[in-house]
Each structure stands twice: as structure tokens, then as C-alpha cells.
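In: Need coordinates for the following:
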Amino acid sequence: MALHKRTIQFWVFWITFQAGLFWAGYFKQKNDFGLRLLNKLGLSVFTSRGAGLCLAVTSALMLLPMCRNTMGLLRKTPLGRIIPFDEGIFFHKVCAWTVLFFSAVHTNAHYVNFFNVETVLKALKLKAWHIHYTMWGGATGHVMLIVMFFMYTAAATQMRHQSFETFWFVHHLAIIWYLCVFFHGYGCFVKTVEGECRPYYSWAYCLAVSLLYLGERLYREVRGRRPTTIENVVLHPGNALEIQFNKPSMQYEPGQYVFINIPEIAPMQWHPFTLTSCPEERYASVHCRLAGDWTRDAARVLGCMGEKRDPRTVTLRVDGPYAAPADQVFTYDHAILVGAGIGVTPFASILKSMYFKYQKNDATLRLKKADFFWVNRDKAAFEWFQAELANIENMLPSHMLNFHLYLTEKMDLNSIHNYCINSGNELDPITDLRTRMSFGRPNWEQEFAKIRDTALAGNRVGRREKLKIAVFFCGPAAIAHSLGDACINLSSNQVEFSFFKEHF
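Out: Next up, the predicted model:
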């Protein structure tokens, strides 16, 4: 119930917050005696001002989640226990949809205002088209609407998947959009009878956050260009490219991610990848699935496809690390790690770090039990981390770590026959691990219920405090919904499931 409760709390807060802003702007305009002439326009001018205040504040908030370094610092403060800073992209989208809604309200109210200025306030001798296209407010407003059309269209999920480059470049039209915000109130359309301006200073809200964001971008450019050398590149079965690199200036924690740039492919493009190495290893590494133009170009440039080439001659830039939900795993006693396909990457880092901490008898290791689920549609994918998983499985006792491996691929008769013949061996025929493969999609509620019952019967015997189990997931949204529902349904007075999903 905790997950569902947080969701309800957020939406209640957000709707109340926006309603409060709207009515504050609405009544500020309506009750200002100095604006009595303008207030003859009636409901439309009150509405436009209320929506305008919502837009001013939300436009500033929309940029804040993109200040990733700042968000990473804030999540380490006491505020991080109250505000889910890891949900930055979700909050960015909420702000974007809120801006779209109030832009429609603000624009339509102003169209009515401008028509009424021409017909009701004839003494001003202003034409609607003149206000629309020659005054700062009208001109910048229409430019912002055009920019929003392209940005929102390119940000659609299908568009991002088909052409990430289009989304990335078009989204930088936000620079023009915010410049228009800064000058939207220039010339001051809202004036008292005496000619005194009554602005909301919307440019000031956005300017403060924009300067913070600009500072972050400059810092990222500097940090991303610090010396980085490629150690090795491996093309794994299932089209997974592993890049091993060394960056002495980078200090990271398991589960965090970085942005990768290869200037030879695209000098301006930075792509996020979770680190699959752990701090105890001598090099850092990322795994990426060859699913788009950039990743395939990376494999070609690094000598894994087509012409052979020494990857150490390629310039690699790495910006990061950045905080992610999974890097909180060691703050819990019991964790469930769920990876789907290439979504296994943060958990590869966590499991390896857990292994090293256990080997060194690290007294700071709070995590006492982990259940690791890996779901794949391609059996070749299990080879990506086979050697590491085999070592971890052999060295960590079962009371600390359990593997749950699932294959959803439809197998042909020959593969099924071969699996059955070799299933009597000590190791699983597909994964070469002691843990046996399960076939089909997991029933998450049943699996989590088994883990809950075992934990309640064993680790928490005789203790009255509530059992808290953290579920960390990286993978498709469809599985995330199922996991979230399972966490909600299984949470009770005895046990609380907390769900964390990886976001890029």
C-alpha cells in the first residue's frame, strides 16, 4: 500500500499546488483596484492571469529535474527521505503536461482578451492582430506554441524509440522556448490606470533555474573531457557490446550510470548507460545492446563490426557518475533485484560489489539477503555475465543470495530435447550455473509472496518491527507495472515492499 499511497499523495499535492497558484493569480488580478480598466474584460483576463502564474512557476520547476548533479546532492540530504528525487524524469513529464494544459488555457483566454480589447475597450485604439503579432507578449507566445508543437511531437515514446537523435536535437529548442519566457512580459501589457506595471516576474523564476542548469552543463562538459582510456571492447552473444575503460578522476558507487560520448560518431550526443563494473574492479565498464544507429556505429568504430581496429585509438568521453535508484540497495537488509534483458546491468555491478564486500568481511555490508531475478527472451543473453555470476554463485552462501533465472523465448523441439537430455547434469545446460532455468514469464505476486513468507518465518522470527523489502527494477514499463502492483498487493501491517524503477 505504501507505493499506492505515495502516488495518491503526490497527485493530491500537485493538483492542490496548481489550483492554489491559479486562484492566487486569478484573485490578484481581480482584486487589484489599479487594474480596474483592464478588469472590464471580465472572466477571460482573470483566467489568463491565473494560468500565467501556473506557467511561470511550473516552467521553472520543469527544468530543475534536469539538473542531475543537484538532484544527486539533494537526495543525500534529509529532504531525500521525503521527496523522491530519483523520479526526476517522471516529474519533468508531469511539469511538461501541466505546462501544455495551462498553455491552452492561457492562450485561449488571451485570444478572448484581445478580441475584447478591440471591441470593449475601444478607447485604447488597439487591434487584436497588433497585440498578437507586434507586441512582445503575443509574438513570443506564438513562437513558444510553435516550439512546443515540435518538442512535444518529437518527445513521443514512439518517436524516441525510432529516432533518438531527432528527439535529442529537437528537445534543444527548449533554449528558444526559455528565451521567449524571459522576454514574454517585456513591454508590460498588464498596467494600472496610472501606467504602473503589474508583472508576475515569470522571467525571474526561470532565469534562476536556467542559470543553475547552464552551470551544470558547463561542469558536465569539463568533467566529460577529463582523461579517459579504453582498456578493452567485447562483443557478447546476443549483440551486447561491452566497453571497458579507465577514468582515474571518476569515483562511483554500484548501480550508478554515466553518459557516454564518442566524438567520431556524433560530437554532441551523450547516451546514458549503467555501469556494470563495481568500484572494487580495476576498470569501469558499460554494456549496451546494439538496438539503434548510435550503438551499431559504436560497435563499428570500436572494431567489433566490419573493419578491425584497435579500440584504444578511439576517443571516449565519459560524464558521470550519476545517482540512480539502485545505488540505495546497500541501505536495506533485504532486496529483490529484477532485471529484464539488458536491464540486468545495474545488478551486475551490485552483485559483484556484494561479492567483494563479503570476501573482505566488510563490516559496512548491511545487505543480508538478495533475491536476483533475470528475465530474458534470448538464451544467448545469459552469457553476458556468465563468468561473474558463476563466481558469485559459488562464493556467496544461499542464505545471502538466490538466483531466479527465466527464459521467455519459445524453444524449438531440438532445443527442448537437448535440454531434457542434459538437465541431469550439475549445471544448467543453458546458463552453466547451478541454479535451474525456469521457462515462461514469472508470476511476480507468487514469487514475492514466497520470498515474503520465507523472510517472515526465518530472518524476522521473534522481532516485532515491520519487515521492509526493497524491490529494484530495470527494464520495460509493462513489467514495471506488474511489479508495482505486486508490491502494493503484498504490502501489509507485517511487511512493506518498496519499489524503485530505473529511469533514463
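
In: count of residues packed around the nearest residue to Ala284 once chain neighbours are set aside?
Out: Sequence neighbours aside, Ser277 is the residue nearest to Ala284 in space, at 4.8 Å (criterion: C-beta to C-beta, 6 or more residues apart in numbering). From N, CA and C alone the C-beta is placed, and that goes for glycine too. Per other C-beta atoms under 10 Å, the neighbour tally for Ser277 reads 22.

In: my guess is Ser277 meets Leu351, correct?
Out: No - taking contacts as C-beta atoms under 8 Å, Ser277 lies outside contact range of Leu351: 11.6 Å.

In: what's the helix or strand hosting Val471 packed up against?
Out: Using DSSP states H and E, Val471 falls within strand 467-474. Counting contacts by 3 or more C-beta pairs under 8 Å, 6 or more residues apart in numbering; DSSP states H and E, strand 467-474 is packed against strand 334-340, helix 345-359, helix 444-457, helix 477-490, strand 495-501.

In: what are the phi and psi values for His271?
Out: With angles defined as degrees, to the nearest 10, His271 sits at phi -120, psi 140.

In: wait, what's in contact with it?
Out: 164, 259-261, 288, 294-295 (C-beta atoms under 8 Å, 6 or more residues apart in numbering).

In: from these, which is closest to Gly343?
Out: Checking the contacts of His271 against Gly343 with C-beta to C-beta, the nearest one is Cys288 at 12.0 Å.

In: can you pull out the strands in the stretch 251-400 of the chain?
Out: 257-261, 271-274, 284-289, 317-322, 334-340, 369-376 (DSSP state E, counting those that start in this stretch).

In: buried set for the first one?
Out: Neighbour counts using 16 or more other C-beta atoms under 10 Å place 257-261 of strand 257-261 among the buried residues.

In: Give me the contact list for the strand holding Val471.
Out: Under the criterion C-beta under 8 Å, 6+ apart, residues 255, 274, 325-326, 328-329, 332-340, 343-347, 448, 451-452, 455-456, 460, 479-480, 483, 487, 494-502 lie in contact with strand 467-474.

In: Got a quick PyMOL command for the buried subset of the residues you listed?
Out: Remark: buried members of the contacts of strand 467-474, expressed as a PyMOL selection using 16+ other C-beta under 10 Å:
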select buried, resi 255+274+325+326+328+329+332+334+335+336+337+338+339+340+343+344+345+346+347+448+451+452+455+460+479+480+483+487+495+496+497+498+499+500+501+502
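
In: And the pLDDT for the residue lying closest to Trp168 once chain neighbours are set aside?
Out: Of all residues beyond its chain neighbours, the one nearest Trp168 is Gln269 (6.4 Å), with distances taken as C-beta to C-beta, 6+ apart. For Gln269, the pLDDT comes out at 85.

In: what's the answer for the one 3 residues further on, then?
Out: Per-residue confidence for Pro272 comes out at a pLDDT of 89.

In: for it, what are its contacts?
Out: By C-beta under 8 Å, 6+ apart, the contact list for Pro272 reads 257-260, 322, 504.

In: May I ask you to name the longest helix in this protein?
Out: In the chain, ranked by residue count with DSSP state H as the criterion, the top helix is helix 88-119.

In: Against which helices or strands is that helix packed?
Out: Using 3+ C-beta pairs under 8 Å, 6+ apart as the contact test, the elements touching helix 88-119 are helix 2-30, helix 43-63, helix 128-134, helix 136-154.
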